[in-house]
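Chemist: I would like the atomic coordinates for the input below:
(one chain, ligands or ions: 1)
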Amino acid sequence: MKSVINTLYEAKLAELKDKIDAGSVPVQLTIVTVGDDPASKVYVRNKIRLFEALELPCHHIILPEEGTTQADLDGLADNADHPILFQLPLPNGLEAPDLAAAVDVDGFGSEALGQLVLGQNPVLPCTVQAAIDIIELHCGEFSFPGLKVAILGRSNIVGKPLAIELINRQSTVSSFNSRSDLAIVDWNQFDVIVVATGYHGTLDNTQFIEGQLIIDVGINRIDGKLVGDIKHQDGHLSDAAITPVPGGVGRLTCLNVLGNAVKLCQSK
Ligand SMILES: Nc1nc2c(c(=O)[nH]1)N[C@@H](CN(C=O)c1ccc(C(=O)N[C@@H](CCC(=O)O)C(=O)O)cc1)CN2
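Modeler: Here you go, the predicted structure:
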């Protein structure tokens, strides 16, 4: 699976470099962070490094947790004239402003989500785009209609928008959340299982079968080690294709921030 992700990453990066070179509008991004969430620091650093590697401007606005108001964030959003994102999670009491689709690099705002529901080919949330690309490469470009996909997790940034995008593509989508009884589910009925709960051990590799594609969206730090939402039982080699953590969906998510910024800047 690692080689599939690497192939995808390199192909997308090459395609983006060509688009950047061919475009007349400069590609840039602003990232806003509030406070000092340690995981966010890593993710933001990875995004900035990618822009730096391509010599593209990535402005980083760092605001203190103490004293930053919703009006400060809303002001930044209202004045944005190029792609911007507010790194999540934000401290309690603050929420990401509802960005206009033209500058919404995450695709989390109501305008971008409305376009998604209407199937208007918007900028997809970066993790959703990563899952779609992995399915497309692993199962085939024309595999979406009728594909049986289980999605565990109903977050606004992954589970819900991924379900909508897959429905747009005529897949058969089953959605599970923390109130679903996972113990009675026959996981063998699905072609693809996407686990995006944020809990390590939601499912384990003994529950999958040959031929299935398993997309692990989770990034959990346990005893200083990065692990996904899927537990890998020692001594059990799963025949299913399972995306790795780290080096899987998270890596592609970062690349898709660049992809979305290119798309937004070049559609001005
Ligand atoms: N504004 C947003 N906030 C958050 C998003 C998002 O899409 N937009 N998603 C997640 C975090 N995320 C994106 O920002 C993200 C997650 C993981 C990675 C990544 O590079 N992962 C690496 C491992 C990194 C590590 O060492 O910890 C990997 O999986 O290989 C980048 C971005 C929540 N917030």
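Chemist: make it CA atoms for all contacts and neighbour counts henceforth
Modeler: OK.
Chemist: would you mind listing what in the stretch 1-150 of the chain touches the ligand?
Modeler: With the criterion set to CA under 6 Å from any ligand atom, the stretch 1-150 of the chain comes near the ligand through Val42, Tyr43, Asn46, Leu85, Phe86, Gln87, Leu88, Pro89, Asp106, Cys126, Thr127.
Chemist: now do 5 Å
Modeler: Within the stretch 1-150 of the chain, the positions adjacent to the ligand are Tyr43, Phe86, Gln87, Leu88 by CA under 5 Å from any ligand atom.
Chemist: from these, which would you call buried?
Modeler: Among those, those classed as buried by 16 or more other CA atoms under 10 Å are Tyr43, Phe86, Gln87.
Chemist: turn the residues you listed into TSV, including distance to Lys19.
Modeler: Formatted as TSV, the entries for these read as follows, by distance: CA to CA, whole Å:
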residue	distance to Lys19
Tyr43	24
Phe86	25
Gln87	26
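Chemist: give me the contacts around the longest helix seen in the chain.
Modeler: Identified as the longest helix of the chain according to DSSP state H is helix 2-22. Counting by CA atoms under 8 Å, 6 or more residues apart in numbering, helix 2-22 makes contact with 26-27, 54, 133-134, 137-138, 243-244, 247-248, 252, 255, 259, 262, all of which sit outside it.
Chemist: can you classify Leu124 as helix, strand or coil?
Modeler: When classified by DSSP: H, G, I helix; E, B strand; the rest coil, Leu124 comes out as coil.
Chemist: isn't it up against Gly109?
Modeler: No: using CA atoms under 8 Å, Leu124 and Gly109 do not qualify as a contacting pair, with a distance of 10.9 Å.
Chemist: which of those two has more neighbours?
Modeler: For Leu124 against Gly109, the residue with the higher neighbour count under other CA atoms under 10 Å is Leu124, and the figures read 27 against 19.
Chemist: who touches that one in this structure?
Modeler: Under the criterion of CA under 8 Å, 6+ apart, the contact list for Leu124 reads Asp106, Gly107, Leu116, Asn260.
Chemist: please report how far the residue of the chain most remote from its centre lies from Ile222.
Modeler: Outermost residue of the chain with respect to the C-alpha centroid, by CA atoms, centre = their mean, is Gly235; its distance is 30.3 Å. In this structure, Gly235 and Ile222 are 20 Å apart, going by CA to CA, to the nearest Å.
Chemist: now stretch 187-198: buried residues?
Modeler: Of the residues in stretch 187-198, those buried by neighbour count under the rule 16+ other CA under 10 Å are Trp187, Phe190, Asp191, Val192, Ile193, Val194, Val195, Ala196, Thr197, Gly198.
Chemist: how about the strands in the stretch 101-250 of the chain?
Modeler: Read by DSSP state E, counting those that start in this stretch, the stretch 101-250 of the chain holds these strands, from start to end of the chain: 148-152, 172-176, 192-195, 203-204, 213-216, 220-222, 225-227, 230-231, 241-242.
Chemist: mean pLDDT added to those strands, as JSON lines?
Modeler: Formatted as JSON lines, the entries for those read as follows, by pLDDT from 0 to 100:
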{"stretch": "strand 148-152", "mean pLDDT": "98"}
{"stretch": "strand 172-176", "mean pLDDT": "98"}
{"stretch": "strand 192-195", "mean pLDDT": "98"}
{"stretch": "strand 203-204", "mean pLDDT": "95"}
{"stretch": "strand 213-216", "mean pLDDT": "97"}
{"stretch": "strand 220-222", "mean pLDDT": "95"}
{"stretch": "strand 225-227", "mean pLDDT": "95"}
{"stretch": "strand 230-231", "mean pLDDT": "96"}
{"stretch": "strand 241-242", "mean pLDDT": "94"}
